[in-house]
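A.B. asks: okay, sequence plus prediction incoming.
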Amino acid sequence: MIRTDNISFSYTEYEKTEELGSEDMELVFNAREAALNAYAPYSKFKVGAAVRLESGVIVRGANVENAVFPAGICAERSALSNSITNHTKDKPIALAIASMTEDGLTEDFPSPCGSCRQVIAEEESRTGNKIKIILSGKNKTIIVNGISSLLPLQFNRKNLRIGLP
Ligand code: THU
């Protein structure tokens, strides 16, 4: 039997950052501040990420580039590596991302690359919690609830069928 199926996802769009709830707005401001600390001399595209943990702690990350291009790391993976290392048992509940060029904040919201999507998926399956993802541009922000919206039909630890810690 052949069946055609359909996967869709919903997101909420905000025209102004001020329309976000106060916690999400705070997270976006943290991501913007983190972007200021990015090391992006090659692309000149600075990205900041901020992870909110269950305890309320906010952990930041930024993209850190390298003369050997593949050695660079994106803001999202930088933030999650930081939170996993320093707050192992405190689960991420939200992740905000913002980006800037030499002209300031980008109009378009940044969207995580494929590798970062995979890492966010891993963190959701490690903790068993969905992560609210806040993609923030200068005048447009969208929020999706969980990585499955951005990474459907994902490969994750369940596919490996091995004993997990
Ligand atoms: N980048 C991020 O840090 N996060 C994203 O969501 C998109 C891209 C970085 C990688 C690289 O340093 C620069 O932006 C240009 O691709």
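C.D. replies: Thanks, I have the structure now.

A.B. asks: got the phi/psi numbers for Glu102?
C.D. replies: Phi and psi for Glu102, reported as degrees, to the nearest 10, are phi -60, psi -20.

A.B. asks: find the nearest non-adjacent residue to it, please.
C.D. replies: Spatial nearest neighbour of Glu102, excluding adjacent residues (C-beta to C-beta, 6 or more residues apart in numbering): Lys44 at 5.9 Å. No exception for glycine: its C-beta is placed from N, CA and C like everyone else's.

A.B. asks: so that neighbour sits against Thr101, correct?
C.D. replies: Yes - at 6.2 Å, Lys44 counts as touching Thr101 under the criterion of C-beta atoms under 8 Å.

A.B. asks: one step back: just the pLDDT for the residue nearest to Glu102.
C.D. replies: Per-residue confidence at Lys44 stands at 98 (pLDDT).

A.B. asks: pull the lengthiest strand in the chain out as PDB, backbone CA atoms only.
C.D. replies: Longest among the strand segments of the chain by residue count, using DSSP state E, is strand 92-101. Below are the C-alpha coordinates for strand 92-101, written out as PDB (Å, rounded to 0.1, in the frame of the first residue of the first chain):
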ATOM      1  CA  PRO A  92      17.000  24.100  28.500                       C
ATOM      2  CA  ILE A  93      13.400  25.200  27.900                       C
ATOM      3  CA  ALA A  94      14.000  28.000  25.400                       C
ATOM      4  CA  LEU A  95      16.600  29.200  22.900                       C
ATOM      5  CA  ALA A  96      16.700  32.600  21.300                       C
ATOM      6  CA  ILE A  97      18.900  33.500  18.300                       C
ATOM      7  CA  ALA A  98      19.800  36.900  16.900                       C
ATOM      8  CA  SER A  99      22.200  38.100  14.300                       C
ATOM      9  CA  MET A 100      23.900  41.200  13.200                       C
ATOM     10  CA  THR A 101      26.100  42.500  10.400                       C
END
